[in-house]
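K.L.:
structural data only, the sequence is not supplied:
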């Protein structure tokens, strides 16, 4: 089994859709549930500089109830005509629209109030407890109840996910709950020693640095400058460079050292030059940059001149920063 150790800004959702497009299954491992997705792409097209697909997708939720000995699964299948990832912008694809301006190049491009469909139903805690009962196991209500307890389990009926509960139907998994515990030094199970661990890295550090500079308002929420990274640089260059150090170099180093600590072998995957099709044994692959937020802004902005000027400002900052660090890529 492939285990993709994708930390921040390493194309995790991109890889999930690469798998679906390439005929393989992909699973996200949360704290209390795991969700495996697989599908059939019937048709693709292009509109508004964005790729769309006619996709039939099956979602399977793996979970271990405290009142059962076995691991249980519940599934649903949907067919939809939609843009791949909704839109090739990190903030857009995660929340459908930004909650507030997060990008420097064009902060207004996707900054719109979030709107849910009028018929959207979100179960409250009382509803979760009711529809998590086994008598509803064959219903969409049960599926939604369990799925909504991936990160937190207010009903108290689920055991935390451990390797022996992991999906057996996934070609590649991403244990993001473990990956997010960067500073906790939580022990890694011996199970990982027998898996193929894939740790992504960046060889194009200029692109990576610009991504984090552009996305300061998102990746470092609550900072006093918001998305205005140029003002942040003017007021406190050390803050910005420390922020880049952490995201570009420190996080990868900590994960690599963690593997070595627990005698877990891993291989690197180059996000800029690596072959998705060959590495993950896919039948076909999507472009590697179709979810690139910087490219998305430059292509779709209505303020072309201003956006390009802002991009080159970020490039100059990235150039100064990377020359001061003297690194060719961010591998340990």
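P.N.:
Now that the structure is in, tell me what you want to look at. Model, not experiment: these values are computed from the prediction.
K.L.:
which residues of the stretch 201-332 of the chain fall in helices?
P.N.:
For the stretch 201-332 of the chain, helices defined by DSSP state H, counting those that start in this stretch occupy the ranges 205-214, 216-219, 229-235, 237-245, 251-261, 276-279, 293-300, 304-325.
K.L.:
output these as JSON lines; include the columns mean pLDDT.
P.N.:
As requested, the helices of the stretch 201-332 of the chain are exported to JSON lines (pLDDT from 0 to 100):
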{"stretch": "helix 205-214", "mean pLDDT": "97"}
{"stretch": "helix 216-219", "mean pLDDT": "91"}
{"stretch": "helix 229-235", "mean pLDDT": "98"}
{"stretch": "helix 237-245", "mean pLDDT": "98"}
{"stretch": "helix 251-261", "mean pLDDT": "95"}
{"stretch": "helix 276-279", "mean pLDDT": "98"}
{"stretch": "helix 293-300", "mean pLDDT": "89"}
{"stretch": "helix 304-325", "mean pLDDT": "98"}
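K.L.:
looking at those helices, which is nearest to residue 123?
P.N.:
Residue 123 sits nearest to helix 216-219 of all these, at 28.2 Å, using CB to CB. Just so you know, the C-beta spots here come from the backbone N, C-alpha and C atoms, and that holds for glycine as well.
K.L.:
buried set for that closest one?
P.N.:
216, 217, 218, 219 (16 or more other CB atoms under 10 Å).
K.L.:
go on, stretch 136-145?
P.N.:
Under the neighbour-count rule (16+ other CB under 10 Å), stretch 136-145 has 141, 142, 143, 144, 145 buried.
K.L.:
and the first one, what are its phi and psi?
P.N.:
Put plainly, it is residue 141. phi -60, psi -40 (degrees, to the nearest 10).
K.L.:
what's the neighbour count on the nearest residue to it once chain neighbours are set aside?
P.N.:
The spatial neighbour of residue 141 that comes closest, neighbours along the chain excluded (CB to CB, 6 or more residues apart in numbering), is residue 131 at 4.0 Å. Neighbour count of residue 131, defined by other CB atoms under 10 Å: 21.
K.L.:
quick one: contacts for residue 131?
P.N.:
With contact taken as CB atoms under 8 Å, 6 or more residues apart in numbering, residue 131 is in contact with 123, 139, 141, 142, 144, 145.
K.L.:
wait, doesn't the first one sit right on residue 145?
P.N.:
Yes - between residue 123 and residue 145 there is a contact at 6.1 Å, judged by CB atoms under 8 Å.
K.L.:
residue 42: which element?
P.N.:
Secondary-structure element containing residue 42, defined by DSSP states H and E: strand 34-47.
K.L.:
next structured bit after that strand?
P.N.:
strand 50-63.
K.L.:
buried residues, that next one. List them.
P.N.:
Neighbour-count burial for strand 50-63 flags 50, 51, 52, 53, 55, 57, 58, 59, 60, 61, 62, 63 (criterion: 16+ other CB under 10 Å).
K.L.:
next up, the contacts around the fourth one.
P.N.:
In this case it means residue 53. 21, 41, 42, 43, 44, 45, 81, 82, 84.
K.L.:
can you check the third one too?
P.N.:
With CB under 8 Å, 6+ apart as the criterion, the residues that contact residue 52 are 44, 45, 46, 81, 82, 83, 84.
K.L.:
ok, now with 6 Å
P.N.:
45, 83 (CB atoms under 6 Å, 6 or more residues apart in numbering).
K.L.:
what's the answer for the fifth one, then?
P.N.:
Taking CB under 6 Å, 6+ apart as the contact definition, residue 55 lies against 39, 41, 80.
K.L.:
of those, buried ones?
P.N.:
39, 41.
K.L.:
returning to that earlier point: got the phi and psi for the residue nearest to residue 141?
P.N.:
Main-chain torsions, residue 131, degrees, to the nearest 10: phi -90, psi 0.
K.L.:
so what pLDDT did it get?
P.N.:
Residue 131 is assigned a predicted lDDT (pLDDT) of 98.
K.L.:
circling back to that earlier point, and of the buried residues of strand 50-63, the nearest to residue 250?
P.N.:
Nearest to residue 250 among those is residue 62, at 32.2 Å by CB to CB.
K.L.:
which ones are touching the closest residue in space to that closest one that isn't next to it in sequence?
P.N.:
Spatial nearest neighbour of residue 62, chain neighbours left out: residue 34 (4.3 Å); criterion: CB to CB, 6+ apart. Taking CB under 6 Å, 6+ apart, we find residue 34 in contact with 27, 62, 161, 167.
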